[in-house]
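**Student:** how would this look folded up:
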Amino acid sequence: MYLTVKEAAAYLDLPEAYVQKLMLENKIRSVDDGKQVLINTDQFEHYFEQMETYHAMVQAYFNEPLPDDIDVKDED
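**Tutor:** Below you'll find the model as predicted:
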């Protein structure tokens, strides 16, 4: 599905100027049809999948219990 820059910014919940900047830096692929610039939303699916995987990995890391430290000495 192709979206305009304004629609893509709303879809990504980003400012329109930032989406245009990403397009100029070739971080977002776009197609210019002469009247408007269109962005294919399929390129974002992989990004969202990566972010979900990363989020799950970070949550798993933070949910691990702290290991017992073998170097701890009693002060008694």
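
**Student:** give the contact list for I28.
**Tutor:** In this structure, I28 makes contact with A8, V19, L22, I39, Q43, judged by C-beta atoms under 8 Å, 6 or more residues apart in numbering. Bear in mind the C-beta positions are built from the backbone N, C-alpha and C, glycine included.

**Student:** looking at these, which is nearest N63?
**Tutor:** Closest approach between the contacts of I28 and N63, by C-beta to C-beta: Q43, at 31.7 Å.

**Student:** in this structure the closest one contacts V31, no?
**Tutor:** No. Under the criterion of C-beta atoms under 8 Å, Q43 lies out of contact with V31, with a separation of 11.4 Å.

**Student:** show me where the chain has its strands.
**Tutor:** Along the chain, the stretches classed as strands by DSSP state E are 2-4, 31-32, 37-40.

**Student:** any idea how far stretch 38-45 is from the chain center?
**Tutor:** How far stretch 38-45 lies from its chain's middle: 13 Å, per C-alpha atoms, centre = their mean, to the nearest Å.

**Student:** quick one: average pLDDT of it?
**Tutor:** Averaging pLDDT along stretch 38-45 gives 89.

**Student:** biggest helix in the chain by residues?
**Tutor:** Secondary structure of the chain per DSSP state H: the longest helix is helix 42-63.

**Student:** and for L3, the neighbour number?
**Tutor:** Other residues within reach of L3 by the criterion other C-beta atoms under 10 Å amount to 19.

**Student:** tally of neighbours for P67?
**Tutor:** By the measure other C-beta under 10 Å, the count of residues near P67 is 6.

**Student:** could I get the strands of the chain as TSV with distance to F62?
**Tutor:** Below are these laid out as TSV (distance: least, C-beta to C-beta, whole Å):
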stretch	distance to F62
strand 2-4	35
strand 31-32	41
strand 37-40	34
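
**Student:** can you lay out the contacts of I28 as a markdown table showing distance to N63 and neighbour count?
**Tutor:** What follows is the contacts of I28, written out as a markdown table (distance: C-beta to C-beta, whole Å; neighbours: other C-beta atoms under 10 Å):
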| residue | distance to N63 | neighbour count |
| --- | --- | --- |
| A8 | 35 | 24 |
| V19 | 34 | 25 |
| L22 | 33 | 17 |
| I39 | 36 | 24 |
| Q43 | 32 | 12 |
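
**Student:** perfect, that will be all.
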